[in-house]
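Structure, please.
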Amino acid sequence: MSVEALDVYGSVCVGAFCFANHSLAIIPDEAPKKLQEALEENLKVKVVRVKVADSPLVGILVAGNENGILLPRSALPEEVEVVKREGEGLNVEVVDSKRTALGNLILANDKAALIHPDLTDREAKRVEDVLGVEVVRGAIAGIPFVGSTTLLNNRGLLTHPLAGEDELKWLEELFKVKAEGGTINHGSPLLRVGAVVNDHGALVGSLTTGLEIAKLERVLLAP
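Purely as a prediction, here's the structure:
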């Protein structure tokens, strides 16, 4: 299990430009080769190159787990087809919602999903059906954009540093993992925007400190 620090398009917001579960990653078709190589080496995934909604902000727009991948309704038909073809064996479906930043709105591992409180019952059912997990509405540290503040896999959860002890215990019970607060990129609480993680490894923005990397490794990647 390994962690690599890098920039993408000159930005430390590495997580904004990629989605990954434990077997597959999605990055923009014009993303630098170093991003693909880093994902393959550290996260041990097959890399699919395709924009989503004609945007490079794949990590903001896509959510999922090892059971399925959720795409926004703004995704172009040809983009959806690429993900379905390359993600053979995964449930790949579009969420018909006016809220398209699914990566910010949905936090999931293979045990559960936490979603933005304003997602409708129909949208919540779609998440449940595609990802195959229990779905709960909620916020973390008062922030409803739970996907943007938190790094989650099947080993651990690293979230906003202002999350309280009761919240962390609740998250542990929901996702069946150890939960702690932390930061990325030298103090940013938007952990998922600054990093991408699965059960095998992680990529983080180049401003991430040694202490931040050490905590990420301990919480998310320890055997």
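
tell me, how many neighbours does residue 44 end up with?
Burial of residue 44, expressed as a neighbour count using other CB atoms under 10 Å, amounts to 17. In short, each C-beta sits where N, CA and C put it, glycine included.

let me redo that: residue 102
Every residue meeting other CB under 10 Å relative to residue 102 is counted, giving 29.

cool, and the one 10 residues further on?
Number of residues near residue 112 (other CB under 10 Å) recorded here: 21.

do residue 195 as well
Summarising burial for residue 195: neighbours were counted as other CB under 10 Å, giving 29.

Now tell me what touches stretch 205-223 from outside.
Contacting residues not belonging to stretch 205-223 are listed as 1, 3, 5-7, 11-14, 151, 153, 155-158, 178-180, 182-186, 194-195, 197, 199, 201-202, 204 [CB atoms under 8 Å, 6 or more residues apart in numbering].

hmm, 6 Å instead?
1, 3, 5-7, 12, 14, 153, 155-156, 158, 180, 182-186, 194, 197 (CB atoms under 6 Å, 6 or more residues apart in numbering).

Can you say which of those are buried?
Among the contacts of stretch 205-223, those that count as buried by neighbour count (16 or more other CB atoms under 10 Å) are 1, 3, 5-6, 12, 14, 153, 155-156, 158, 180, 182-185, 194, 197.

I'd guessed residue 48 sits against residue 86; true?
Yes - using CB atoms under 6 Å, residue 48 is in contact with residue 86, at 4.3 Å.

Nice, that's everything, thank you.
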